[in-house]
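I need the structure of the sequence given here:
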Amino acid sequence: MGRAGAFGPALALVAAVMAAGPGKAQMLRFSDLAGWENDDHAAALATFRETCDLLDGPDWSALCSLAADVTDARRFFELFFRPVRIGDDPALFTGYYEPELRGSLTPDHRYAHPVFRPPPELDPGDIWHTRQEIEENGLLRGRGLEIAWLEDPVEAFFLQIQGSGRIRLPDGGTIRLGYAAKNNRPYRSIGAELVRRGIYAPHQVSAQVIRSWVRRNPAEGRALLHHNPSFVFFRVLPDLPAHRGPVGAMGRSVTAGRSIAVDPAFHPLGAPVWIEKDGAAPMHRLMIAQDVGGAITGAQRADIFYGTGHDAGEAAGRIRDRGRLVTLLPIELAYALLDEG
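Numbering: from 1, shown residues only. Sure, this is the predicted structure:
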């Protein structure tokens with residue numbers, strides 16, 4: 001998933017909720033949050049501290065200063081925040097991860113599928129060429145924009161969907177890639193396209209199923225990948241330690257099982273968000289909104305970061321579950337939102 005975004009001021013959140021219509025925000029009690037008392041609040045607080053200094057506004061700044069010395073994490077959240085449900089249930093949860101792929105810094109018969117840095121003529125707001133135009137017309141080839149080459153075009157595609165990754169080199173070394181830019185074309189789900197074509201039912205579609213279908217049907221699979229016109233460019237992250245997660249939209253590492261991607265029009269980036277995810281692996285947990293994604297739009301929409309590597313990818317690829325998101329806002333901001341909304 002390509003990731004980029006900014007964390008807007010409180011007024012933008014109020015405006016978004018007002019635009020959504022009356023009754024779209026509701027203040028809850030902590031006792032209304034199913035499983036709240038059983039969560040590891042200290043783990044959530046540690047993740048909150050990672051980015052709280054980037055939050056905009058005096059309410060947030062004061063809470064960030066207090067968070068530095070907190071010993072009772074649950075009491076901290078209950079004293080200084082109020083749970084606010086924004087938008088209509090049910091929520092939709094998906095998962096993302098940091099792929100770990102085999103690749104090379106030079107192309108050969110095995111490693112033939114490039115990962116690109118942005119071309120110099122691409123401005124941040126530009127609507128650039130589509131995925132199909134880029135790949136079929138060779139618009140980026142021979143310009144020295146290649147960062148590395150991968151074995152598998154399907155994995156190269158999913159690397160763009162995730163927006164970050166680790167590439168294992170033949171000599172045993174590793175490079176870390178982070179999101180750099182995109183072509184600003186709309187994201188279109190190829191899973192939804194397989195459903196539209198009648199190839200699979202909605203409950204059958206997962207990242208693993210898509211990979212398998214594309215590999216079994218090379219020509220049709222290539223056309224399917226081109227159904228998504230969005231294209232993501234990368235940058236090398238040379239100073240990111242191996243134990244740290246990939247860099248999210250706030251410019252800091254995200255944390256497996258505690259960071260989520262949200263729509264920042266409705267949830268301030270850096271804010272705590274309580275999730276109640278249904279499905280085969282229910283999850284009731286306090287997360288921190290530290291990332292965004294092209295497919296993550298709306299108040300009740302979130303992408304859960306599952307970690308790095310194959311197992312994380314398997315877990316993330318199975319997630320498409322309903323539930324509920326509840327944002328924890330500083331007390332004054334919560335009441336202001338309810339008064340205006």
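
quick check: domain ranges of the chain?
Split into domains by automatic domain parsing, the chain comes to 10-95+249-340, 98-236.

which stretch among those domains comes nearest A242?
When those are compared by CB to CB, domain 98-236 sits nearest A242, at 7.2 Å. Using the backbone N, CA and C atoms, a C-beta is placed for each residue, glycine as well.

quick check: end-to-end length of the closest one?
Domain 98-236 has an end-to-end distance of 14 Å (CA to CA, to the nearest Å).

same question for it, mean pLDDT?
Averaged over domain 98-236, pLDDT sits at 94.

repeat that for stretch 52-68.
92.

could you list the buried residues of that stretch?
Across stretch 52-68, burial judged by 16 or more other CB atoms under 10 Å covers 52, 55-57, 59-60, 63-64, 67.

same thing with stretch 285-300?
In stretch 285-300, counting by 16+ other CB under 10 Å, buried: 285-296, 298-300.

can you pull out the strands in this protein?
Taking DSSP state E, the strands of the chain run over residues 25-27, 81-86, 91-98, 100-104, 113-116, 146-150, 164-168, 174-182, 232-236, 259-261, 272-277, 283-291, 301-308, 320-330.

tell me the two of the buried residues of stretch 52-68 that are most distant?
D56 and A67 (15.9 Å).

most packed of the domains of the chain?
Highest mean neighbour count among the domains of the chain (mean count of other CB atoms under 10 Å): domain 10-95+249-340, with a mean of 19.

does S61 touch L55 like I think?
Yes. Using CB atoms under 8 Å, S61 is in contact with L55, at 7.1 Å.

L325 bridge partners, please.
I275 (DSSP bridges).

actually L286, sorry about that
For L286, the beta-bridge partners under DSSP bridges are W274.

can you show me the helices along the protein?
10-20, 41-51, 58-67, 73-80, 131-137, 153-162, 190-196, 207-216, 218-226, 310-317, 331-340 (DSSP state H).

make CSV from the ones you listed and add distance to P272 to it.
What follows is these, written out as CSV (distance: least, CB to CB, whole Å):
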stretch, distance to P272
helix 10-20, 14
helix 41-51, 6
helix 58-67, 10
helix 73-80, 7
helix 131-137, 36
helix 153-162, 24
helix 190-196, 30
helix 207-216, 28
helix 218-226, 36
helix 310-317, 21
helix 331-340, 12
